[in-house]
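Visitor: My questions concern the predicted model and sequence given below.
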Amino acid sequence: MFKNIIVRKPSKSISEGITSAPQLGKPNYENALIQHNNYIETLKKCGVTVEVLDELADFPDSCFVEDVAVVTAKCAIVTNPGASSRNKETLYIIDTLKKYFDENDIHYIKFPGTLDGGDVMMVGNHFYVGQSARTNSEGIKQFIEILNKYGFSGSEVTLEEVLHLKTGVNYIENNTLLVSGEFINKEDFKDFKKIIVPEDEAYASNCIWVNNYVIVPSGYPKVKKLIEDAGYKVICTDTSEFRKIDGGLSCLSLRF
C-alpha cells in the first residue's frame with residue numbers, strides 16, 4: 001500500500017515541453033493546472049498524503065516528477081535523465097527525498113549511465129527496466145546494483161517502439177498487467193495475466209494502481225470497462241494536456 005505521493009506543479013513553460021506528437025498542439029497552462037489539481041484530488045481519494053512541489057519554470061517537463069527518481073520501500077534512487085533538457089531536474093528532488101530517507105539510502109545514477117523513472121516498473125521486489133532512447137544499459141546496470149544491496153532484483157527489457165517502458169505496460173497488482181503494442185507477446189511478461197489495451201486506446205495503457213484503485217485517464221471507455229470487468233475499482237481523471245508532451249498518469253507522481 002502507498003502512503004506518500006510526491007507531485008510537482010506544472011509551470012507556464014509547459015507549452016515548450018518535449019513532444020513526439022506535435023499534431024496534438026501545445027499544452028494550455030491553465031487547463032494543465034486544473035487537470036493537475038484534479039489529479040491530486042484523485043490521489044487523495046486513494047488514501048495517500050500528497051506533497052506538492054513548486055513549479056520549475058526553467059524545466060518545461062518538470063511536472064513529470066516520476067522521471068527524476070525511483071522510490072522504493074527501502075531506498076530512493078535519483079536518476080540521470082537521458083534528455084539533456086531535463087538532466088538537471090534531479091537537483092530539485094534531492095532535498096525532498098531527504099525528508100523520507102536517510103542520506104545513506106539515497107543513491108545516484110552517474111554518467112555515462114542514463115535512466116528515466118518512466119522506464120522502471122515495480123512488481124513486488126522486482127523491477128523491470130526498459131532500455132530506451134532515455135535509459136541505457138550502463139544506467140540499468142548501476143540501478144540493479146543499487147537494488148541488489150536492498151534485496152531487490154531487476155531485469156532489462158528492450159524497447160522497440162515506445163518512449164518509455166510504462167508507455168505500453170503497467171502493473172496493476174494481482175499478477176496483472178495492462179499491455180499494448182510490442183508488450184502483448186513479449187517473453188519478459190509471459191507469466192502475467194494480461195489486460196490487452198485496444199490499439200485505438202493505447203494511451204490508456206498508462207494507468208496507475210493506488211491502494212486498491214486503478215486510476216485511468218478520462219476518455220478511454222474500452223480500457224475503463226476492461227479494468228472494471230477484471231474486478232478493479234476505477235477512478236478516471238483527465239490528463240489530455242499532459243498527453244501533448246508525451247506524459248501520462250504515472251509520469252506525474254512518485255508513489256511510495
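Guide: All right, it came through fine.
Visitor: Determine whether the claim that residue 222 is in a helix is correct.
Guide: Yes: applying DSSP: H, G, I helix; E, B strand; the rest coil, one finds residue 222 inside a helix.
Visitor: give me every residue that touches it.
Guide: Contact analysis of residue 222 by C-beta atoms under 8 Å, 6 or more residues apart in numbering lists 198, 200-201. Where C-beta positions appear, they are placed from N, C-alpha and C, glycine not excepted.
Visitor: try 10 Å
Guide: 197-198, 200-201, 204 (C-beta atoms under 10 Å, 6 or more residues apart in numbering).
Visitor: go on, residue 38?
Guide: Here residue 38 is in contact with 218, 237-239 (C-beta under 10 Å, 6+ apart).
Visitor: follow-up on the earlier one: can you tell me which of the contacts of residue 222 is nearest residue 230?
Guide: residue 197 (12.3 Å; C-beta to C-beta).
Visitor: And the closest one, how far from residue 10?
Guide: 26 Å (C-beta to C-beta, to the nearest Å).
Visitor: now the contacts of residue 222: which count as buried?
Guide: 197, 201, 204 (16 or more other C-beta atoms under 10 Å).
Visitor: For the nearest residue to the second one once chain neighbours are set aside, grab phi and psi.
Guide: In other words, residue 201. Spatial nearest neighbour of residue 201, chain neighbours left out: residue 220 (4.5 Å); criterion: C-beta to C-beta, 6 or more residues apart in numbering. With angles defined as degrees, to the nearest 10, residue 220 sits at phi -130, psi 70.
Visitor: ditto for residue 179
Guide: phi -130, psi 150.
Visitor: Near residue 129, how many other residues are there?
Guide: 24 (other C-beta atoms under 10 Å).
Visitor: CA-only coordinates of the helix or strand containing it in PDB, if you can.
Guide: Using DSSP states H and E, residue 129 maps to strand 126-131. Written as PDB, here are the backbone C-alpha positions of strand 126-131 (Å, rounded to 0.1, in the frame of the first residue of the first chain):
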ATOM      1  CA  HIS A 126      11.400  -7.000  -8.800                       C
ATOM      2  CA  PHE A 127      12.000  -4.000 -11.100                       C
ATOM      3  CA  TYR A 128      11.600  -4.200 -14.900                       C
ATOM      4  CA  VAL A 129      13.700  -1.600 -16.600                       C
ATOM      5  CA  GLY A 130      13.300  -0.500 -20.200                       C
ATOM      6  CA  GLN A 131      16.300   0.100 -22.400                       C
END
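Visitor: about what we covered before: which ones among the contacts of residue 38 map onto strands?
Guide: Among these, DSSP state E puts residue 237 in strands.
Visitor: nearest to residue 141, of the contacts of residue 38?
Guide: Within the contacts of residue 38, proximity to residue 141 (C-beta to C-beta) peaks at residue 239, which comes in at 32.2 Å.
Visitor: Leaving out sequence neighbours, find the closest residue to that closest one.
Guide: Counting by C-beta to C-beta, 6+ apart, the residue nearest residue 239 is residue 217, at 4.9 Å.
Visitor: That neighbour against residue 243, yeah?
Guide: Yes: Residue 217 is within contact range of residue 243, at 7.8 Å (criterion: C-beta atoms under 10 Å).
Visitor: okay, the two: which has more neighbours?
Guide: residue 217 (23 against 18).
Visitor: now that one: how far from residue 75?
Guide: Residue 217 is 30 Å from residue 75, where distance means C-beta to C-beta.
Visitor: Same check on residue 127?
Guide: Counting by C-beta to C-beta - residue 127 and residue 75 are separated by 12 Å.
Visitor: Need the overlap of contacts for the two.
Guide: Common neighbours of residue 127 and residue 75 (C-beta under 10 Å, 6+ apart) are 147, 152.
Visitor: The residue nearest to residue 239 bridge partners, please.
Guide: residue 237 (DSSP bridges).
Visitor: ranges for the helices of the stretch 51-200 of the chain?
Guide: Per DSSP state H, counting those that start in this stretch, the stretch 51-200 of the chain carries helices over the ranges 94-97, 137-149, 165-168.
Visitor: That'll do, ta.
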